[in-house]
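In: All I have is the shape, not the residue letters:
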């Protein structure tokens, strides 16, 4: 997949799943496995960025003190991002 073209979340996820399947099945040489892993890390970053962008667009609707509907951006919880171990962050 070309680095010049921005990948959509779905495209990046599909390629990442294909790479993971090849690695799990042992279909690649050691050198190709390393290249695939490196590509997987790029794709993981793309997916994470797309999800963060989508999350930033989500708004929480709530009623204010005067009864009016108030739109508030959803904020990411720090516990969710910092509690993950580094081993869980491979892909």
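Out: Ah, there it is. Computed from a prediction, not measured in an experiment: that's the story for all the values here.

In: immediately after the helix or strand harbouring residue 15, which helix or strand?
Out: Secondary structure from DSSP states H and E places residue 15 in helix 9-25. Moving toward the C-terminus from helix 9-25, the next helix or strand (DSSP H and E) is helix 30-57.

In: Any buried residues in that next one, and which?
Out: Of the residues in helix 30-57, 36, 40, 43, 44, 46, 47, 50 count as buried by neighbour count, 16 or more other C-beta atoms under 10 Å. C-beta coordinates here come from the backbone N, C-alpha and C atoms, glycine included.

In: Can I get these in a markdown table including pLDDT?
Out: Listed next are the buried residues of helix 30-57 as a markdown table, based on pLDDT from 0 to 100:
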| residue | pLDDT |
| --- | --- |
| 36 | 97 |
| 40 | 96 |
| 43 | 96 |
| 44 | 96 |
| 46 | 95 |
| 47 | 96 |
| 50 | 93 |
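
In: which one of these is nearest residue 8?
Out: residue 50 (7.4 Å; C-beta to C-beta).

In: List the contacts of the closest one.
Out: 8, 9, 12 (C-beta atoms under 8 Å, 6 or more residues apart in numbering).

In: ok, now residue 9?
Out: 46, 47, 50, 51, 54.

In: how near is residue 44 to residue 66?
Out: Distance from residue 44 to residue 66, counting by C-beta to C-beta, to the nearest Å: 44 Å.

In: likewise residue 28?
Out: For residue 28 relative to residue 66 (C-beta to C-beta), the value is 61 Å.

In: Correct me if wrong: residue 44 contacts residue 19.
Out: No: with contact defined as C-beta atoms under 8 Å, residue 44 does not count as touching residue 19 (10.0 Å).

In: Between the two, which contacts overlap?
Out: In contact with both residue 44 and residue 19: no residue, using C-beta under 8 Å, 6+ apart.
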